[in-house]
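Student: Build me a model:
(chains A, B, C and D)
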Number of protein chains: 2
Amino acid sequence: MARPRQALLTKERIVEAAAVLIDAEGLEACSMRRLATELGVQGPSLYNHFATKAEIVDAVAEAVVAQVDISVFHGNDWRTALRLWAKSYHAVLAAHPNIVPVLATGPGRRPAGLAMAEAVYGALIDAGWSRARATHIGALMRYLITGSALGSFALGFDADPELYDHYPHLHRAHELAAHRAAVDEGAFELGLDLLITSLSDRYDLGVRR
Amino acid sequence: MARPRQALLTKERIVEAAAVLIDAEGLEACSMRRLATELGVQGPSLYNHFATKAEIVDAVAEAVVAQVDISVFHGNDWRTALRLWAKSYHAVLAAHPNIVPVLATGPGRRPAGLAMAEAVYGALIDAGWSRARATHIGALMRYLITGSALGSFALGFDADPELYDHYPHLHRAHELAAHRAAVDEGAFELGLDLLITSLSDRYDLGVRR
DNA sequence: TGTAAAAACTTACGCCGCTAGTTTAAGCAC
DNA sequence: GTGCTTAAACTAGCGGCGTAAGTTTTTACA
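Tutor: Got it, this is the predicted structure:
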């Protein structure tokens, strides 16, 4: 081909196609050649717009994190804000499960991630939590949210009943697969409830560090 | 070579070498050819002992999970047992961080994982928790433990101060990198404390489902 | 003793991320 | 308008990946 009169690719088109591909077929399906094919182009052409594959995947992750609602930190009590933010984050990850491993492991140099950290940490500091505790609470929320998004607990159990024959308490574990969404949702809700109410208790007692 | 008089490989030797390699250089370094080299053998020879690479990695994961102490569920109150087990699990993952992604995502058909689930779930049921709640609590603990092991919170922040210039509350975030271990440990301890004490409160009030 | 299975080997296939070099169009300086 | 630089596509190819196929030799057993 050579250079076309109208550019075939833009960063935006590439990231959008990558996001669609990852959502539809998973991270492994998103190879440079496959992604290029999806865009009607040859593999190496992508390197005119991104230096590495990691940059593309990072951009997808950034776009996902940017969907989390951090406006809730304005005009809400820290407890309410934390709960609403966590639910929004959780919902976004549930809508894009295939990108979660990238979010859970990679460093957070991306603007959307930093903006989120700023909002959470700032709200906790403003509420009176010590710097150390605010950090811990932020980390903790991240553990709960990414942990639940990543390792769907119910998915870890096979639907084959025979697997559990030798485990007296697990004889109904095969049913978990069928109730996957409800189990994971219940566990997340419980965790959020427990964490926020007990933090709230400490806060009201004046224990803020 | 052909078949040697004394077998060069055994399942145990392969898994042991894979574990060492993963611990030392990470999951990506553990390719079939590299692992074989480490064992003084050609790549495809490994397929005489394992059908796929995934089976080898799974066996490593299994060996790691088997190190978690589940004996604490005998002779301890459910709260104490849960806390001790979580700390043991956390310590094991901290000692083998590179295998954590496998544990956090893969299904739990492995015997050690099932035995652990059986112990946790059984203890909660025996304590009087409803089946649904016991499931939720187990899932929740998993979220906290794998979430914290996987995404070291502090590691997500770069040591470069300039990154945080535009985030008023994050101006000291670059210090997190230096205190990584302490921050992650503090957050995990806080989470464990909050979850167990608030579960304990509910339990004592008779709310067990 | 003959035969089947086991455990090493070599070769090779089709992926992967990415590099290098080529071609043509676009944008800008004079 | 003409030339020069840069941009954006291309093709070819490198080294690495997981794994399949087929070969050779040894061991174990009938």
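
Student: Please make it C-alpha for all contacts and neighbour counts, starting now.
Tutor: Noted.

Student: Lowest mean pLDDT among the helices and strands of chain A, which one is it?
Tutor: Ranked by mean pLDDT, DSSP states H and E, the weakest helix or strand in chain A is helix A:100-105, scoring a mean of 91.

Student: and that one, what does it pack onto?
Tutor: Where contact means 3 or more C-alpha pairs under 8 Å, 6 or more residues apart in numbering or on different chains; DSSP states H and E, helix A:100-105 is packed against helix A:53-65, helix A:131-150, helix B:131-150.

Student: That one near DNA strand C at all?
Tutor: No - judged by C-alpha under 7 Å from any atom of the strand, helix A:100-105 makes no contact with DNA strand C; its nearest approach is 14.1 Å.

Student: Tell me the helix or strand right after that helix.
Tutor: Counting by DSSP states H and E, the next helix or strand C-terminal to helix A:100-105 is helix A:111-127.

Student: I'd like the average pLDDT over that following helix.
Tutor: Averaging pLDDT along helix A:111-127 yields 94.

Student: Can you list the helices and strands that it packs against?
Tutor: Helix A:111-127 packs on helix A:53-65, helix A:78-95, helix A:131-150, going by 3+ C-alpha pairs under 8 Å, 6+ apart.

Student: Can you say which of these is packed in most?
Tutor: helix A:131-150 (a mean of 24; mean count of other C-alpha atoms under 10 Å in any protein chain shown).

Student: what sits up against it?
Tutor: Helix A:131-150 has contacts (C-alpha atoms under 8 Å, 6 or more residues apart in numbering or on different chains) with A:86, A:89-90, A:93-94, A:97, A:100-101, A:103-104, A:117, A:120-121, A:124-125, A:184, A:188, A:191, A:208-209, B:104-105, B:140, B:142-148, B:151, B:153, B:183-184, B:186-188, B:190-191.

Student: now do 7 Å
Tutor: Contacts with helix A:131-150, where a contact means C-alpha atoms under 7 Å, 6 or more residues apart in numbering or on different chains, come from A:90, A:93-94, A:97, A:100-101, A:104, A:120-121, A:124-125, A:188, A:209, B:104-105, B:143-144, B:146-148, B:153, B:183, B:186-188, B:191.

Student: Show me how far that helix is from its chain's centre.
Tutor: From the chain centre to the centre of helix A:131-150 is a distance of 12 Å (C-alpha atoms, centre = their mean, to the nearest Å).

Student: in the next helix or strand after that helix, what's buried?
Tutor: Downstream of helix A:131-150, the first helix or strand assigned by DSSP H and E is helix A:180-204. Neighbour-count burial for helix A:180-204 flags A:180, A:183-192, A:194-200 (criterion: 16 or more other C-alpha atoms under 10 Å in any protein chain shown).
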